[in-house]
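1. Next input, structure requested:
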Amino acid sequence: MKNRANPWANNSIDRLLRVGLALLILMTAGSICEAAAMKIERVTSASGIEAWLVRDHSIPVVTLRFTFVGGASLDPSGKDGTAALAASLLDEGAGEYDTTAFHRRLDELAAEMSFSAGHDEFGGTLRMLKANSEGSAELLRVALAKPHFADEAVERIRAETLAALEKQARNPRSLSGRLWMVEAFERHPYGRNTVGSRTTVAAITRDDLVAFASRQLQRNTLVIGAVGDITPAELAPLLDRIFGDLPKGEGDPVLPEATPGDGGALLVKRSAVPQSAVTFGQAGLKRDDPDWYAALVLNEILGGGGFRGRLMKEIREKRGLAYGVSTGLVPYRHAGLILGSVATENGRVAESISLIRQEWQRMRDEGPTEDELRDAKVYLTGSFPLSLDSTRRIAGLLVRMQLDGLGIDYLDHRAELILGVTLDQARAVAHRLYDPARLSFAVVGDPAGLQPTRPAPEKLD
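-> Numbering: from 1, shown residues only. The predicted model follows:
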């Protein structure tokens, strides 16, 4: 939402770190190409705060990624967007620093700090020079423990949020995604926009923000990943320094399980644009489902990017109906989805939707071929290390592994879990998972020849 100048830009430290990171990627390419080569260490502070650490002493940089379970799902009723607004305000003044002083101090430390809120999580990232780790840690400490939520900052960030929501309301792709989620989840928190609506954001008060931070920023739901030039003995006291002032809390937030409504709905929201944006999907699997790895392989076969997936071959390569079409598995903590998107000129939207349904049915009836299964497994195992091209992404992976309960040795086994998916297993899971009768579509545009199952809501607020 915010658009500030990068404090790393146009200085010698920036150039040093960019060159160093590039060299790091090159030097570690061989070991990262085998992701299991990364040694993950469990670090526990004196007060019991735990983090997973990957050490790399190639350049003097440390990245911390931290997450608190909860996020926008904990927004108060009628105050959707509270978590997102709070995340945007944590670096707008805290402790002894007002907004200007806070960012001046960030610049002096040559540190990067950011916060974000999703449906299930609220967290942030701190990237710092090792030499400045004490000062950077102190700044993060006060941001979490003593945020100001000053009236001027609240109103300024609220105005930025409302402007972004106005822009989102004119974006067909954003609208189709929102329409699909509202249809799928109705009154469950997953059906809400994490950023909120123009009505709910306008209703959020400073007291709401203070109360949200108080119940969200608790150590019992805290998960941390650390990567870079730091040892366990150095990291442990830093964890206490940053997070030790936070209340311990009493347990994970309670949220009901969600069953996406996937009854094959077709919703159309008319808009005078030359190309319709389409979001489509159905219920999928949660991350702890025993069929997860088979589903991951199947998704790559059906909706993989590039020209790998069946949908890309049928819709773009053979017919030129769209520039791209893809699907992905979306595992929330309390629901799972298979979600995809495509954009097609209005006169051919019906054709694209028909092809998607046909490929959904073909996957259900026939499953993958032996060649497709082999190629997908090779791609998923071979491309994975390429995603670990920065300390930020590795730290994010460490957090994700903990949240998903994958175990500290997960990287030692990930490849074999994927390569172990058999053709019979893949076909059985395809039949279980894919069902064109449950496949729902949300279209924003002016498509020809489409008959919606019911009217789309006029407003998504």
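2. Give me the distance between T125 and Y332.
-> Using Cβ to Cβ, to the nearest Å, T125 is found at 21 Å from Y332. Just so you know, the C-beta spots here come from the backbone N, C-alpha and C atoms, and that holds for glycine as well.
3. Sorry, slip of the keys, the one I care about is E372.
-> With Cβ to Cβ as the criterion, E372 and Y332 are 28 Å apart.
4. can you check I204 too?
-> To Y332, I204 is 23 Å away according to Cβ to Cβ.
5. Next: E92.
-> Relative to Y332, E92 is positioned 29 Å away (criterion: Cβ to Cβ).
6. try G264
-> For G264, the distance to Y332 - Cβ to Cβ - is 21 Å.
7. Buried residues in the one helix or strand D424 maps to, which are they?
-> If you go by DSSP states H and E, D424 is part of helix 423-433. Within helix 423-433, the residues that count as buried by 16 or more other Cβ atoms under 10 Å are 425-427, 429-430, 433.
8. And it, what does it pack against?
-> Counting contacts by 3 or more Cβ pairs under 8 Å, 6 or more residues apart in numbering; DSSP states H and E, helix 423-433 packs against helix 292-303, helix 349-366, helix 370-383.
9. which other residues reach the second one?
-> In this structure, residues lying in contact with helix 349-366 by Cβ atoms under 8 Å, 6 or more residues apart in numbering are 266, 276, 278, 280, 298, 301-302, 310-311, 314-315, 319, 321-322, 325, 340, 342, 344, 427, 430-431, 433-436, 439, 441, 443, 445, 447-450.
10. Derive a ChimeraX selection command for the buried subset of those.
-> Filtering the contacts of helix 349-366 down to the buried ones (16+ other Cβ under 10 Å) takes a single ChimeraX command:
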select :266,276,278,280,298,301,302,310,311,314,315,321,322,325,340,342,344,427,430,433,434,435,436,439,441,443,445,447,450
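11. From the contacts of helix 349-366, which land in strands?
-> 266, 276, 278, 280, 325, 340, 342, 344, 441, 443, 445 (DSSP state E).
12. Can you tell me which of the buried residues of helix 423-433 is closest to S88?
-> Of all the buried residues of helix 423-433, L433 has the smallest distance to S88: 37.2 Å, by Cβ to Cβ.
13. Now do the same contact list for the closest one.
-> 284-285, 291, 295, 298, 338, 364.
14. Now, of those residues, which are buried?
-> Taking 16+ other Cβ under 10 Å as the criterion, what is buried in the contacts of L433 is 284-285, 291, 295, 298, 338, 364.
15. How about the residue nearest the centre of the chain: what's its closest non-neighbour residue?
-> Residue closest to the average C-alpha location in the chain (Cα atoms, centre = their mean): G118, at 7.0 Å. Nearest-residue entry for G118: G71, 5.0 Å, with adjacent residues in sequence omitted and distances by Cβ to Cβ, 6 or more residues apart in numbering.
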